[in-house]
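**Q** kindly generate the corresponding structure for this input.
(one chain, ligands or ions: 2)
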Amino acid sequence: MKRALITGITGQDGSYLAEFLLAKKYKVFGLERRSSQSKRENIAHLAGKIEFISGDLLDEASLIRAINQSEPDEVYNLAAQSFVAASWKQPVYTSEVTGLGAVRLLEAIRQTDPKIKFYQASSSEMFGKVQETPQTEKTPFYPRSPYGVAKLYAHWITVNYRESYNMFAASGILFNHESPRRGLEFVTRKITNAAVKIKLGMEKELLLGNLDSKRDWGFSGDYVEAMWLMLQQKEARDYVISTGETHTVREFVEAAFGELGLDWKKYVKMNKEFMRPAEVDLLKGDSSKAAKELKWKPKVNFHQLVKMMVENDLKQLSNSK
Ligand code: NAP
Ligand code: G4F
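**A** Numbers count the residues shown, from 1 in each chain. Ligands and ions are numbered 1, 2, ... in the order given. Presented below is the predicted three-dimensional model:
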């Protein structure tokens, strides 16, 4: 039985990856940081199937202990301060967790068992002010947020450990991916949640920032398969994972409100509070390397994703009402 350690187990991707690996008969360990209240909502349905290890990317000793305790074949580093907007408010903290967290984990692996395969959750946010479209593995990086800069450090240290120590360390450059388990602060879930609340008479308006930015949105459940595939290859490499389609935030709003038969223009207002000091205007990935080498392609398209998220929020909020 293969063994995997997932950091970020309580997050969106951690929950889908845990499901995926359990279905492949892995023994799954999840690194969980201490909290005053349980944050296991996304993995509640997997209770009893995951073994939790307490630890934090800020605490090197806890990572060494987690590796020793889980004895994994594969480590998936999904933990991060992952909210771009928050990275301007807490730039040093974001660098510590999202950037240096990766090297702490790589060091823990190198010192205990360098044969362990390592996956790093890199991000399309590293392309930032994009130097070409669509973005590929060869597109130069130009991060536009403290989060993007931290992810770029984590990306290059992963490449460096692969080249310095011959470790199997792969980095997935994933474009935005969403799901019903997406955090409420990210724009897609903020929109679907608010649209449903407006439909149910629980809220009257939705305040948003930049409606013009464009994102390449896919489904988290599809993207975790690509993470696993990267660790099953003969050689560790880096891959762009994306749908190849791009849509504005406005188009997402229109589609979500449209699912509920609402005219978004009556409810959505722009608010400066949600504008960013520097914006990433356009993301559109080219994942043909992943299609060729990993035989990976996304299954859920933009409209199916919006529908899935709206339907889930409608079900949840109708029940709670
Ligand atoms: P998420 O839902 O925000 O989950 C982040 C996870 O990291 C949570 O489990 C969180 O635990 C954990 N965490 C945060 N700080 C930690 C620390 N100091 N020590 C240990 N764990 C910590 O993020 P996601 O959407 O699943 O994304 C997974 C990874 O992919 C992240 O690294 C993200 O930056 C990256 N990524 C995401 C996307 C996307 O579109 N979703 C695209 C590219 C890359 P708590 O529950 O305790 O907060
Ligand atoms: O949903 P977002 O907050 O995601 P963002 O910044 O693209 O980052 C996500 O994707 C990255 C991959 O490229 C990940 F690495 C990262 O961890 C995260 O998962 O914002 C999307 C867009 C931005 O242009 C933002 O300015 O939506 C715009 N937006 C407009 N109004 C808003 C809002 N974003 C948020 N969160 N809230 C708003 O009210």
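**Q** now do the helices in the chain.
**A** Ranges of helices in the chain, per DSSP state H, are 12-23, 60-70, 86-89, 91-94, 101-112, 146-165, 187-199, 220-231, 249-259, 288-293, 302-320.
**Q** okay, the ones you listed in a markdown table with mean neighbour count and mean pLDDT next?
**A** For every residue, glycine as well, the C-beta is placed using N, CA and C. Shown next, in a markdown table, are the helices of the chain (neighbours: other CB atoms under 10 Å; pLDDT from 0 to 100):
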| stretch | mean neighbour count | mean pLDDT |
| --- | --- | --- |
| helix 12-23 | 22 | 98 |
| helix 60-70 | 18 | 98 |
| helix 86-89 | 16 | 98 |
| helix 91-94 | 16 | 98 |
| helix 101-112 | 22 | 98 |
| helix 146-165 | 21 | 99 |
| helix 187-199 | 23 | 98 |
| helix 220-231 | 22 | 99 |
| helix 249-259 | 21 | 98 |
| helix 288-293 | 16 | 98 |
| helix 302-320 | 17 | 97 |
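**Q** residue 246 against residue 283, yeah?
**A** Yes: taking CB atoms under 8 Å as the definition, residue 246 is a contact partner of residue 283 at 6.6 Å.
**Q** could you dump the helices of the chain into TSV and include distance to ligand 1?
**A** Below are those laid out as TSV (distance: least, CB to the nearest ligand atom, whole Å):
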stretch	distance to ligand 1
helix 12-23	3
helix 60-70	9
helix 86-89	10
helix 91-94	9
helix 101-112	6
helix 146-165	7
helix 187-199	9
helix 220-231	6
helix 249-259	13
helix 288-293	14
helix 302-320	12
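**Q** distance to residue 207 added to the ones you listed, as JSON lines?
**A** Below are the helices of the chain laid out as JSON lines (distance: least, CB to CB, whole Å):
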{"stretch": "helix 12-23", "distance to residue 207": "23"}
{"stretch": "helix 60-70", "distance to residue 207": "39"}
{"stretch": "helix 86-89", "distance to residue 207": "17"}
{"stretch": "helix 91-94", "distance to residue 207": "24"}
{"stretch": "helix 101-112", "distance to residue 207": "32"}
{"stretch": "helix 146-165", "distance to residue 207": "22"}
{"stretch": "helix 187-199", "distance to residue 207": "9"}
{"stretch": "helix 220-231", "distance to residue 207": "25"}
{"stretch": "helix 249-259", "distance to residue 207": "12"}
{"stretch": "helix 288-293", "distance to residue 207": "36"}
{"stretch": "helix 302-320", "distance to residue 207": "18"}
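**Q** joint contacts of residue 246 and residue 283?
**A** Common neighbours of residue 246 and residue 283, counting by CB atoms under 8 Å, 6 or more residues apart in numbering, are 214, 215, 216.
**Q** quick one, what contacts the last one?
**A** Residues in contact with residue 216, defined by CB under 8 Å, 6+ apart, are 124, 175, 176, 242, 243, 244, 245, 246, 283, 284, 285.
**Q** who wins for neighbours among those?
**A** Most neighbours among those, by other CB atoms under 10 Å: residue 242, with 30 neighbours.
**Q** follow-up on the earlier one: nearest to residue 41 among the shared contacts of residue 246 and residue 283?
**A** residue 215 (24.8 Å; CB to CB).
**Q** what subset of the shared contacts of residue 246 and residue 283 is also close to ligand 2?
**A** residue 215 (CB under 6 Å from any ligand atom).
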